[in-house]
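Student: Any chance you could fold what I've pasted below:
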Amino acid sequence: MTGDIDDMLARIKVVLPARWFPDATPLLDGMATGLAEAGAWLYALLATVKLQTRLKTATGGFLDMIAQDYFGGRLPRRAGQSDDSFRARIQTELFRDRGTRGALIEVLEYLTGRTPVVFEPARPADTRGWGVALGYGVAGGWGSLMLPFQSFVTAYRPADPGSDPVSDDDIMSAIASVTPVAAIAWVTISN
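Tutor: Below is the predicted model of the structure:
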């Protein structure tokens, strides 16, 4: 097989001048086998390193390094998390929408399995208009242009945390990861 000790030994012997050595060369064979073993080890190492250069094929600590490179300490591997599960989390975070109301709702639905309530006081679709869909005794929220780039978010803890519990810190971190830098999200977390 390509790259194993026998292959490397054959490659070494093919480049040696045949007329310099007799047919039986136990010392030469021993020395060449040692070099072949080192070459086979290096070939296997290079094949492993090549796999670690891509997210889809990386394993073990290399996935942790990829997460650290892209997300800093924001996306650590959870205790006992498999490579495939961690790889899926990295891919999801890498291609996640950010900076929009939809992204905020999507990340919380992904994390908790429940749809949050998001209210933006400067957004007419949330506040409606007086006499149209809002008035005394009608459900809705008071709008204000004095609160630009702000939202009030009611996030819900997972109904069934299962084997992967989600903490309030996880929820806050998820919100912070998709909220634009200049925006404020006022958050309440409820069951």
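Student: Which single helix of this structure contains the most residues?
Tutor: With DSSP state H setting the assignment, residue counts place helix 26-51 as the longest helix in the chain.
Student: Report the mean per-residue pLDDT for it.
Tutor: pLDDT averaged over helix 26-51 equals 92, rounded to a whole number.
Student: centre of the chain versus the following helix or strand past that helix, how much separation?
Tutor: Helices and strands here follow DSSP states H and E; after helix 26-51, the next one along the chain is helix 61-71. Helix 61-71 sits 8 Å away from the centroid of its parent chain (Cα atoms, centre = their mean, to the nearest Å).
Student: Same question for stretch 59-71.
Tutor: In this view, stretch 59-71 has its centroid 8 Å away from the chain centroid, taken as Cα atoms, centre = their mean.
Student: next helix or strand past the worst-scoring helix or strand of the chain on mean pLDDT?
Tutor: Each helix and strand of the chain was given a mean pLDDT (mean pLDDT, DSSP states H and E); the minimum falls on helix 124-127 at a mean of 82. Following helix 124-127 in sequence order, the next helix or strand is strand 150-156 (DSSP H and E).
Student: Okay, buried residues for that following strand please.
Tutor: Ser151, Phe152, Val153, Ala155, Tyr156 (16 or more other Cβ atoms under 10 Å). Quick note: C-beta positions are derived from backbone N, CA and C, even for glycine.
Student: who does it pair up with?
Tutor: Within its sheet, and counting by DSSP bridges, strand 150-156 is paired with strand 117-119 (antiparallel), strand 184-190 (parallel).
Student: Please identify the deepest-packed of those.
Tutor: Compared across the strands paired with strand 150-156, strand 117-119 shows the largest average neighbour count, a mean of 16 (mean count of other Cβ atoms under 10 Å).
Student: CA-only coordinates of the least confident helix or strand of the chain in PDB, if you can.
Tutor: Extracted in PDB, the C-alpha atoms of helix 124-127 (Å, rounded to 0.1, in the frame of the first residue of the first chain):
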ATOM      1  CA  PRO A 124     -44.200  50.300  13.200                       C
ATOM      2  CA  ALA A 125     -45.000  46.600  12.600                       C
ATOM      3  CA  ASP A 126     -44.600  45.900  16.300                       C
ATOM      4  CA  THR A 127     -46.300  49.000  17.600                       C
END
